[in-house]
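**Q** 3D model of this:
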Amino acid sequence: MGIFHQPVLVDEVVFYLNCESGKIYVDGTVGGGGHACAILEKTSPDGFLLGIDWDKEAIAESDGRLSPYKGRYQLICDNFANMMQILKASPWKEVDGILLDLGVSFHHLNDPERGFSFLKDGPLDMRMDRRTGPTAAEIVNGLSQKELSEIIYKYGEEKWAKRIAKNIVETRKKTSIKTTLQLSKIVQEAIPRRYWPRKIHPATRTFQAIRIVVNREIENLENFLKEAIYLLKYRGRLVIISFHSLEDRLVKTYFRNWSREGLVKLLTKRPVVPSLEEVRKNPHARSAKLRAVEKRRQNENCHLGKA
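**A** Numbering: from 1, shown residues only. This next block holds a predicted model:
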């Protein structure tokens, strides 16, 4: 079995989730099962894990990796934003811990057919769940120059967003933009060579922005956070690893507001980041930020104000 995804901050996840035998945990972004495997190992002999992912290939990969723990886990192909509905249909309703790892897996980046990579040629897709739309190609070819510019600036934090959007529109007047390398070339040509970033590919931020919109990543995270507090038992824990400043800001805002209302205890005053050694072994970990809270009220006493 190949590496589907190398999980980040594994020891920290197990610590902040307070993994113990006999408890029930949810990995809302189970991916290749790296974190799930560590959780099941730590909660032996009778901890239980519900794994959720909206990518069918990830579910299949996880099932193979977690097979030594058969009978102690269940995998569901769905979006973590629907976790309340998933738990309502389960025997548990409330759980002892929830994990979200919002990073993109190696599998998605390395498989050209998935359309996430600006280095490998493939269809411009970028959907985590290929049963739904729109694709990245539909976004790139369908939105106005103004809309594209706003998306690339907001979600990619790309200062050359206007030039990139203009280049996309000028190109698609001549031919449809259908492949990842087409889009990558358009972005590179829009940014003056002397301003190319040193540490990342010049198309990184644009691809990130389009991926976020295709998969409604910020919207899904906010929909989850609106309900997350009700999914935890008293003293249950929520751990979220983000890789984008918008995600981290959203998580920080919700956590701090819950803390002010006395709903949770902040377990991480500042985000936990990978060690230099972990980043050396796994460069994709460099932008990871982990935040964690512990619930401090029973649900009947849990009333949310506005986040």
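**Q** which residues are contacting stretch 146-161?
**A** By C-beta atoms under 8 Å, 6 or more residues apart in numbering, the residues outside stretch 146-161 that reach it are 139-140, 143, 162, 164-166, 168-169, 190-191, 195, 205-210, 212-213, 218, 244-246. Glycine gets a C-beta too; all of them are placed from N, C-alpha and C.
**Q** so where do the strands sit in the protein?
**A** Here the chain has its strands, by DSSP state E, at 24-27, 48-53, 73-77, 95-101, 232-242, 264-266, 289-295.
**Q** and of those strands, who's closest to K252?
**A** Relative to K252, the nearest member of the strands of the chain by C-beta to C-beta is strand 289-295, separated by 6.5 Å.
**Q** now the angle between strand 232-242 and that closest one, please.
**A** 170 degrees (axes from the mean of the first three to the mean of the last three C-alpha atoms, to 10 degrees).
**Q** against P112, how distant is the residue minimising distance to the centre of the chain?
**A** The residue lying closest to the centre of the chain (C-alpha atoms, centre = their mean) is L102, at 1.8 Å. Counting by C-beta to C-beta, to the nearest Å, the separation of L102 from P112 is 23 Å.
**Q** one more: Y195?
**A** 28 Å.
**Q** who has more neighbours, the two?
**A** Between Y195 and P112, counted using other C-beta atoms under 10 Å, the more crowded position is P112 (17 against 9).
**Q** who touches the closest residue to the residue nearest to the centre of the chain other than its chain neighbours in this structure?
**A** Nearest residue to L102, sequence neighbours excluded (C-beta to C-beta, 6 or more residues apart in numbering): S242, at 5.0 Å. Applying C-beta under 8 Å, 6+ apart, we find S242 in contact with 102, 248, 251, 288-289, 291.
**Q** again with V264
**A** With the criterion set at C-beta under 8 Å, 6+ apart, V264 makes contact with 229, 238, 255, 258, 293-296.
**Q** between those, which is nearest H201?
**A** Out of the contacts of V264, the member with the shortest distance to H201 (by C-beta to C-beta) is F255, at 32.0 Å.
**Q** outline the domain layout of the chain.
**A** Under the assignment automatic domain parsing, the domains of the chain span 10-107+217-301, 130-214.
**Q** with mean pLDDT and distance to K120 added, can I get these in JSON lines?
**A** JSON lines is the format used below for the domains of the chain (pLDDT from 0 to 100; distance: least, C-beta to C-beta, whole Å):
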{"stretch": "domain 10-107+217-301", "mean pLDDT": "95", "distance to K120": "12"}
{"stretch": "domain 130-214", "mean pLDDT": "95", "distance to K120": "7"}
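**Q** can I get those in JSON lines including distance to L119?
**A** Formatted as JSON lines, those follow (distance: least, C-beta to C-beta, whole Å):
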{"stretch": "domain 10-107+217-301", "distance to L119": "13"}
{"stretch": "domain 130-214", "distance to L119": "7"}
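**Q** out of the ones you listed, nearest to F118?
**A** domain 130-214 (4.0 Å).
**Q** quick one: the closest one to chain centroid distance?
**A** 20 Å (C-alpha atoms, centre = their mean, to the nearest Å).
**Q** how long is that domain end to end?
**A** End-to-end distance of domain 130-214 (C-alpha to C-alpha, to the nearest Å): 11 Å.
**Q** can you pull out the helices in this protein?
**A** 10-16, 34-42, 56-65, 83-88, 106-110, 136-142, 145-156, 161-172, 180-190, 204-214, 217-228, 245-260, 276-281 (DSSP state H).
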